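J.: fold the following, please.
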Amino acid sequence: MKRLDRMPTYIHMTMAFMGGLWGAYSVVQWTNLGNAHTTNLIKIVLRLIDGDWLEFALCVGSAFLYFLAFALSAYWSKHSKSDLRYAVIIVEAVSLAAVYFFPQNWPVYTRLYPCVFATAFQWSIFCGAQGFNCATIFNSNNYRQFSSSFAEVYLNKDPSFRPKMKFFGCTLLFYHFGVVYVYLILKAFSSYAIWSGLLPLVVAAVMIHLHRKELAVAKVE
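T.: Numbering: from 1, shown residues only. Okay, here's the model as predicted:
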């Protein structure tokens, strides 16, 4: 595989690393996974039933931000001529800063809001590579895809599933590299660790730039 073809995979893995970073940070700091929204949607119903109107409102706010990120990405994908991968990098950098500067005495849900929006936007734009539809912000389906393709390769003796097994396996691996990375920095620097997310974002931005240059050269040739 030429580097031009490999670069989207490298970018995908870097953003999976970023997904792991967001996930681990939100779980360690706030005991909530800001990347996914199943729990939040369940809590909307539960808080509506038990009448906890403050938490209900905060959960609805979180759901709205998740919805807004998907809606904007869908609209911009059709109407914007810009490379939305750069927009994701900018949104995530701003979200990292927002997480750091949000007052610590605010409710947990509000401090999760930047993570919620950033990861939903990331999921919409960085949604796979090599023809595989693969989330970079959480792992349930990725783990299922890896497990089933592993079974196909080693139990059903079908080597055609090997590329899929490797791709989803590497996505899982890089996601958890991001988990380890931010957890170790959290242990040493507490809330300052959120700034460590700038490094993978810079790496991703550089690779996106190189990929665009390679595509431009390939068109000329």
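
J.: switch to C-alpha atoms for all contacts and neighbour counts from now on
T.: OK.

J.: tell me where this structure has helices.
T.: 3-30, 38-50, 53-79, 84-101, 108-125, 140-154, 162-189, 198-220 (DSSP state H).

J.: ranking these by burial, who's on top?
T.: helix 108-125 (a mean of 23; mean count of other Cα atoms under 10 Å).

J.: by how many degrees do that helix and helix 53-79 diverge?
T.: Put simply, helix 108-125 runs at 20 degrees to helix 53-79, going by axes from the mean of the first three to the mean of the last three Cα atoms, to 10 degrees.

J.: then helix 108-125 to CSV, C-alphas only?
T.: Provided in CSV are the C-alpha atoms of helix 108-125 (Å, rounded to 0.1, in the frame of the first residue of the first chain):
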residue,chain,number,x,y,z
VAL,A,108,-20.6,17.6,36.1
TYR,A,109,-22.8,17.6,33.1
THR,A,110,-21.9,21.1,32.1
ARG,A,111,-18.2,20.3,32.4
LEU,A,112,-18.8,17.4,30.0
TYR,A,113,-20.4,19.6,27.4
PRO,A,114,-17.2,20.4,25.5
CYS,A,115,-16.3,16.7,25.4
VAL,A,116,-19.8,15.8,24.2
PHE,A,117,-19.8,18.2,21.3
ALA,A,118,-16.2,17.6,20.2
THR,A,119,-16.4,13.8,20.2
ALA,A,120,-19.7,13.8,18.3
PHE,A,121,-18.3,16.1,15.7
GLN,A,122,-15.1,14.0,15.5
TRP,A,123,-17.2,10.8,15.0
SER,A,124,-19.1,12.4,12.1
ILE,A,125,-16.0,13.5,10.2
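
J.: for that helix, packing partners?
T.: When contacts are defined as 3 or more Cα pairs under 8 Å, 6 or more residues apart in numbering; DSSP states H and E, helix 108-125 packs onto helix 3-30, helix 53-79, helix 84-101.

J.: sorry, back to before: can I get the helices of the chain in CSV with mean pLDDT and distance to Asn133?
T.: Shown next, in CSV, are the helices of the chain (pLDDT from 0 to 100; distance: least, Cα to Cα, whole Å):
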stretch, mean pLDDT, distance to Asn133
helix 3-30, 92, 11
helix 38-50, 94, 20
helix 53-79, 95, 16
helix 84-101, 97, 16
helix 108-125, 94, 11
helix 140-154, 97, 9
helix 162-189, 97, 10
helix 198-220, 91, 19
